[in-house]
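Chemist: Structure, please.
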Amino acid sequence: MTGNDALRGTLEGLTTERADPAFADLDLLSTAEQVALIAEQGRRAADAVAAESDSIAAAVDGIVARMRQSGRLIHIGAGTPGRLGVLDASEIPPTFGADPGLVVGVIAGGERALRSAIENAEDDADAGAAALADLGVGPLDSVVGISASGRTPYVSGALREARRRGALAISVANNRGAEISADADVAIEVVSGAELVAGSTRLNAGTAQKLVLNALSTLAMVQLGKVYGNLMVDVQSTNEKLHARAERIVMHATGAAPEVAAAALAEADGSVKVAIGIIAGEADATAVRAALAERDGRLREALSVLRAG
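Modeler: Sure thing, here's the model as predicted:
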């Protein structure tokens, strides 16, 4: 048996690689029917994520425990999973006011692989390990290795290196009994099923991966006090739209009139948290910042301090 024969046999056993006969007439359907199938498959991916709630929650708890000690969250993958990891990481700073180094995305093949396929990059386990070494990964970090098939060597190498360095290793795969699960402290296996276009794991599998990454990073930020209720109180007002959003958040949180919210934001140097504290805590910006520092940036707790004082 050749290496290709063995690999073909492995792939044939994966649900993500299976050609589902239910979609055999895809190219004969009307556009409306094709759109309906896409939507149906998206719901299927979401249901698969919901079925893994316990493992996702365990991963979030592990990530948060380490982040509270200055740890990082690192997504790593090849191809679509790698691109999704980089996307998720890049959206954390503007949304939650987090340091750009708090959530990091790594893709096999480097920056060029974000736009172009890099041949054989996913097959290099040593490169996955080297990427984590380059980042200086340690015991306080959490590493999320993402692979639709669950057998990508680059991801396996990264997860093994993460564990060797004492980091929390989390795997995200789209097949049950995935190889990378054996390399993880927390295994998330989101069985999203056969793809509408057979083997095109940018579809169901990619949707499911995006949902999982959303959950891991967003809920970590929630638990770290980056939101108040469901409001983005650490949002960075870097453009006109975001400045207007900041005013709306302050108004929503406090019931203040637009001019009051705008004045508080000006006093707070654009900080939504501080502006809310000025209004709801009836304090000046210096006092609000002190209360936030005392409570590790948790606005709800800071407001309790201000009101008690």
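Chemist: Can you name the residues that contact Ala167?
Modeler: By Cβ atoms under 8 Å, 6 or more residues apart in numbering, the contact list for Ala167 reads 132, 137-143. The way it works is simple: take the backbone N, C-alpha and C, and place the C-beta from them, glycine included.
Chemist: Would you check which pair of the residues you listed lies furthest apart?
Modeler: Comparing every pair within the contacts of Ala167 by Cβ to Cβ identifies Leu132 and Leu140 as the most remote, at 13.5 Å.
Chemist: The stretch 51-200 of the chain: strands as residue ranges?
Modeler: Assigned by DSSP state E, counting those that start in this stretch, the strands in the stretch 51-200 of the chain fall at 73-77, 103-107, 142-147, 168-173, 186-189.
Chemist: Give me the helices and strands touching the third one, please.
Modeler: Looking back up the chat, that one is strand 142-147. helix 53-67, strand 73-77, helix 79-96, helix 153-164, strand 168-173, helix 204-223 (3 or more Cβ pairs under 8 Å, 6 or more residues apart in numbering; DSSP states H and E).
Chemist: Same check on the shortest one?
Modeler: Strand 186-189 makes packing contacts with helix 53-67, strand 168-173 when contacts are defined by 3+ Cβ pairs under 8 Å, 6+ apart.
Chemist: which of the ones you listed is buried the deepest?
Modeler: Neighbour counts (mean count of other Cβ atoms under 10 Å) averaged over each of those peak at strand 168-173, with a mean of 29.
Chemist: and that one with strand 142-147, angle?
Modeler: Using axes from the mean of the first three to the mean of the last three Cα atoms, to 10 degrees, the direction of strand 168-173 lies 20 degrees away from that of strand 142-147.
Chemist: Just checking: what are the partner strands of strand 168-173?
Modeler: Sheet partners assigned to strand 168-173 using DSSP bridges are listed as strand 142-147 (parallel), strand 186-189 (parallel).
Chemist: For the closest residue to Arg151 other than its chain neighbours, give its distance to Leu203.
Modeler: Distance criterion Cβ to Cβ, 6 or more residues apart in numbering; nearest residue to Arg151, sequence neighbours excluded, is Glu179 at 4.4 Å. Noted for Glu179: a distance of 22 Å to Leu203, by Cβ to Cβ, to the nearest Å.
Chemist: which one of the two has more residues nearby?
Modeler: Shown here are Glu179 and Leu203; by other Cβ atoms under 10 Å, Leu203 has more neighbours (21 against 18).
Chemist: Just give the nearest non-adjacent residue to that one, would you?
Modeler: Glu195 is the one closest to Leu203 (Cβ to Cβ, 6+ apart), at 4.8 Å.
Chemist: and Ala48, what does it touch?
Modeler: 174, 190-193, 204, 208.
Chemist: between these, which has the most around it?
Modeler: Asn174 leads the contacts of Ala48 on contacts (other Cβ under 10 Å) with 30 neighbours.
Chemist: Leu37 reaches Leu196, doesn't it?
Modeler: Yes. Applying Cβ atoms under 8 Å, one finds Leu37 in contact with Leu196, separated by 5.9 Å.
Chemist: what is in contact with the two at once?
Modeler: In contact with both Leu37 and Leu196: 23, 26, using Cβ under 8 Å, 6+ apart.
Chemist: Mind checking which of those two has more residues around it?
Modeler: Ranked by neighbour count (other Cβ under 10 Å), Leu37 and Leu196 place Leu196 first, with 18 against 15.
Chemist: Could you check the pLDDT of the more buried one?
Modeler: If you check Leu196, the pLDDT there is 92.
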